[in-house]
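Colleague: after the sequence you'll find the predicted model.
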Amino acid sequence: MLRSKAIIMLLVLCMLTLAGCGGTSTTKDTTESINPKSQTYFVFDTVVTIKVYDKKVTDQNFKEIKAMLDDIENKMSRTIKTSDIYQVNANAGKKAIKVSDETFYVVKTAQKYSELSKGRFDVAIGTLVSLWNINHEGAHVPPQSEIDDALKHVDYKNLILDEKNKTIKLTKEGMALDLGGIAKGYAADRIADYLVERKMPNAIIDLSGNIFALGVKPGSDYWTIGIQDPNDSRGNQVGSMRVQNQTVVTSGIYERYFIENGVQYHHILDTKTGYPVVNDLNSVSIVTDHSIDADALSTTLFALGKEEGMKFVENMENTEAIFITKDKKVYMTSGMNDKFHMTNKDYVIVNGK
């Protein structure tokens, strides 16, 4: 799923304008602010924007960040023939493949969420993702027989990880891993670590709807993050929240999709039916400390729906969620009640303040 997370864009309010796969992000400035230095790349089939609020940042730093992103993509892409994941998929049902420590960690984390969600998030969804080919030229509704066949090859339980030897094996021929639902989150965490290690701890890291608000906005105590209105054009928001050194990731149905015979087919696929998930949700946003977790959770909760999703996330430490339904209602976990501020009169908060 590099991503399936079609991901609804977030707004970062406080002086900058960010672009990505799901909306627009803006921020207000203060007189004490340091003008950010920024760089934009195209990686993971999407726009990546890094804005660093530190005078020490150099062009070399941005080059090293780009090299790091390219390295992650070259290891974890499902379609690059030299990648770890491509090799694992090519040898499905045949043999285990030794992979990098990074790839092993991301697959292991994806396996954890596959198990926790009982397969609603499934790291072994690659065959189904390839079949639908959403967000690429020629995307169309596949024949039912091909969907049924692809579903036979979607099962995280047929994934074997060898921690000691760092090998990965898919036990059934025709299976395929896809890290689209988690790899961008890992990349955001890596960029954050890189900047902190170099004592540049204040930045906005935007991987198309996957926002890591690192540190705080200079001259302020928080970053203010807005949630994109999924029913409107980019730049319009439902509401906003203040965060500090946290990540906000949104998954939704309106950014990556195609329309066939008047029906919209979005990219978040249901591992039970083989079709895009059908429920009353327009988007799910996760607020937590690590982007790799937020990335996996936003897809997981969308697939589960708001009732099951709310139960799933409610007891997770330092993790909150916002569910926006198609009828413009907003549902939040309890920890968001004092954090999220509604700004759009067309929406109503159902279970909070």
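Modeller: Received, thanks. Residues are numbered from 1 along each chain as shown.

Colleague: so what are the domain limits for this structure?
Modeller: Per the record, the chain has its domains at 10-71+182-349, 79-170, by automatic domain parsing.

Colleague: between those domains, which one is nearest to residue 176?
Modeller: The closest of the domains of the chain to residue 176 is domain 79-170. By Cβ to Cβ, the value is 2.9 Å. Backbone N, C-alpha and C define where each C-beta goes, glycine included.

Colleague: surely residue 229 touches residue 250?
Modeller: No. Contact criterion Cβ atoms under 8 Å: residue 229 and residue 250 do not qualify, at 11.4 Å.

Colleague: one step back: tell me which of the domains of the chain is the most buried.
Modeller: Most buried of these by mean neighbour count (mean count of other Cβ atoms under 10 Å) is domain 10-71+182-349; its value is a mean of 20.

Colleague: before we move on, back to that, which of the domains of the chain has the lowest average pLDDT?
Modeller: Sorting these by mean pLDDT places domain 10-71+182-349 lowest, at a mean of 88.

Colleague: quick one: distance of that domain to the chain centre.
Modeller: Computed by Cα atoms, centre = their mean, to the nearest Å, the chain-centroid distance of domain 10-71+182-349 equals 8 Å.

Colleague: ditto for stretch 113-122
Modeller: 15 Å.

Colleague: list the contacts of that stretch.
Modeller: Stretch 113-122 has contacts (Cβ atoms under 8 Å, 6 or more residues apart in numbering) with 110, 123-124, 154-156, 159, 181-182, 271-272, 296-297, 299-300, 303-304, 312.

Colleague: sorry, back to before: redo the domains of the chain as CSV? Include distance to residue 176.
Modeller: Formatted as CSV, the domains of the chain follow (distance: least, Cβ to Cβ, whole Å):
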stretch, distance to residue 176
domain 10-71+182-349, 13
domain 79-170, 3
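
Colleague: just the helices in the stretch 201-350 of the chain please.
Modeller: Assigned helices in the stretch 201-350 of the chain, in chain order: 291-304, 306-314 (criterion: DSSP state H, counting those that start in this stretch).

Colleague: so what does the first one touch, helix or strand wise?
Modeller: Other helices and strands packing on helix 291-304, by 3 or more Cβ pairs under 8 Å, 6 or more residues apart in numbering; DSSP states H and E, are helix 101-116, helix 183-197, strand 210-214, strand 246-252, strand 281-288, helix 306-314, strand 320-325.
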